[in-house]
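A.B. asks: Sequence below, structure please.
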Amino acid sequence: MSALSAFDALALMRALCAVSLVVQTLEFLRLRAPLGPAGVWSFAVQQGDLAHAGAPVRAAFAMLSRPPVHTAHLVLRLVAALLLPFGFGLPVSLFLFLGTLAILIRWRGAFNGGSDFMTVAVLTALVIADAGALFGRAETGAAAALWYAAVQAISSYFVSGAVKLLDADWRSGRALPIFLDGGIYGPLPPGSVFRRPAVALACSWGFILWECAFPLALVAPAVAAACCAVALVFHLLVFRFFGLNRFVFAWAATFPAIVYAAGSF
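C.D. replies: Numbers count the residues shown, from 1 in each chain. Predicted coordinates:
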């Protein structure tokens, strides 16, 4: 038996996704000036990326980029995110999904890298669940949604570990201090423990083995919960060194799905 029922796991995923979307939306609201006509990210600069699209598409994004429309969209997105955990169904999840896609297209596909794609994956799962409920298949839709989110998250860890495993610099430990030198607080101090070859090697292989072994989370709910706990620490460390706060919330939203999937065999 699963440690979480499909509906309980789905409710937790909705709540955690809502937190993630609220954080993202508040950040976007703070970026309105740089996105305005006089800002460094004005649509006049970015519209060249849509040159291949048809005139109606370009006109739609030009309208969405207007400051009053952009602000209204973000306010509605914030309201929709706050409503997400309370069972408003497909209209809310679909609005958030389509609005997120529009924002990412404006940002040439991604604003914050993997966290954006994981947000889209979770919203896709919620659309699946809500569509299932709309057509009288709530339990099937919930299970499909949770498995979709779980597979997306588990594969993201596995692929990340596999890429490191194939890289000689990661296998030798040389890549870790170089990677950390790019953190938000500047290069590591000369005496940093992470510059010690033995420590860098141990940390590198710790990440490689943990990420490559992440599919084993599906063995049992307790194993899944432990893997997710380690993942949370990992994302908090990434936040600490690189300031990527969105990664914490985006991946945390998938943890209920992983625990559910581990217990649903």
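
A.B. asks: lowest average confidence, helix or strand, in the protein?
C.D. replies: None of the helices or strands of the chain scores lower by mean pLDDT, DSSP states H and E than helix 43-46, at a mean of 82.

A.B. asks: need the next SSE after that helix, C-terminal direction.
C.D. replies: The first helix or strand that comes after helix 43-46 along the chain, using DSSP states H and E, is helix 55-65.

A.B. asks: Not counting that following helix itself, show me its contacts.
C.D. replies: Helix 55-65 has contacts (Cβ atoms under 8 Å, 6 or more residues apart in numbering) with Leu35, Ser42, Phe43, Gln46, Gln47, Leu50, Val69, His70, His73, Ala102, Ile105, Arg106. To be clear about C-beta, it is placed using only N, CA and C from the backbone, and glycine gets the same treatment.

A.B. asks: For the fourth one, give me its contacts.
C.D. replies: With contact set as Cβ under 8 Å, 6+ apart, Gln46 has these partners: Ser65, Arg106, Arg108.

A.B. asks: hang on, the last one packs against Leu50?
C.D. replies: Right, the one you point to is Arg108. No. Contact between Arg108 and Leu50 fails when scored by Cβ atoms under 8 Å: they sit 9.8 Å apart.

A.B. asks: Neighbour count: these two, which is higher?
C.D. replies: Between Arg108 and Leu50, counting by other Cβ atoms under 10 Å, Leu50 is the more crowded of the two (17 against 10).

A.B. asks: what ranges do the helices span in the stretch 1-150 of the chain?
C.D. replies: Per DSSP state H, counting those that start in this stretch, the stretch 1-150 of the chain carries helices over the ranges 6-30, 32-35, 43-46, 55-65, 67-83, 90-106, 114-134, 138-165.

A.B. asks: For the first one, which residues meet the burial criterion?
C.D. replies: Along helix 6-30, the positions that meet the burial threshold by neighbour count (16 or more other Cβ atoms under 10 Å) are 6, 9-14, 16-25, 28.

A.B. asks: Repeat that for the fifth one.
C.D. replies: For helix 67-83, burial by neighbour count (16+ other Cβ under 10 Å) applies to His70, His73, Leu74, Arg77, Leu78, Ala80, Ala81, Leu83.

A.B. asks: give the contact list for the fifth one.
C.D. replies: It refers to Leu78. Residues near Leu78 by Cβ under 8 Å, 6+ apart: Val22, Thr25, Leu26, Leu29.

A.B. asks: Tell me, what's the model's pLDDT at it?
C.D. replies: pLDDT, Leu78: 98.

A.B. asks: quick one: it from Ala121, how far?
C.D. replies: 21 Å (Cβ to Cβ, to the nearest Å).

A.B. asks: Also the fourth one?
C.D. replies: As judged by Cβ to Cβ, Arg77 and Ala121 stand 18 Å apart.

A.B. asks: same thing with the third one?
C.D. replies: For Leu74, the distance to Ala121 under the criterion Cβ to Cβ works out to 21 Å.

A.B. asks: Near Ala222, how many other residues are there?
C.D. replies: Ala222 has 12 nearby residues by other Cβ under 10 Å.

A.B. asks: quick one: what helix or strand has it in it?
C.D. replies: Assigned by DSSP H and E, Ala222 falls within helix 221-242.

A.B. asks: And the contacts of helix 55-65, which is closest to Val259?
C.D. replies: Using Cβ to Cβ, Ala102 is the member of the contacts of helix 55-65 that lies nearest Val259, at 31.7 Å.

A.B. asks: For Ala213, what are phi and psi?
C.D. replies: Dihedral pair for Ala213: phi -90, psi 0, per degrees, to the nearest 10.

A.B. asks: now stretch 67-80: how far from the chain's centre is it?
C.D. replies: Here stretch 67-80 is found 21 Å from its chain centre; the criterion is Cα atoms, centre = their mean, to the nearest Å.

A.B. asks: I'd say Ala162 and Cys212 touch.
C.D. replies: Yes. With contact defined as Cβ under 8 Å, Ala162 reaches Cys212; the gap is 6.1 Å.

A.B. asks: No more questions from me, cheers.
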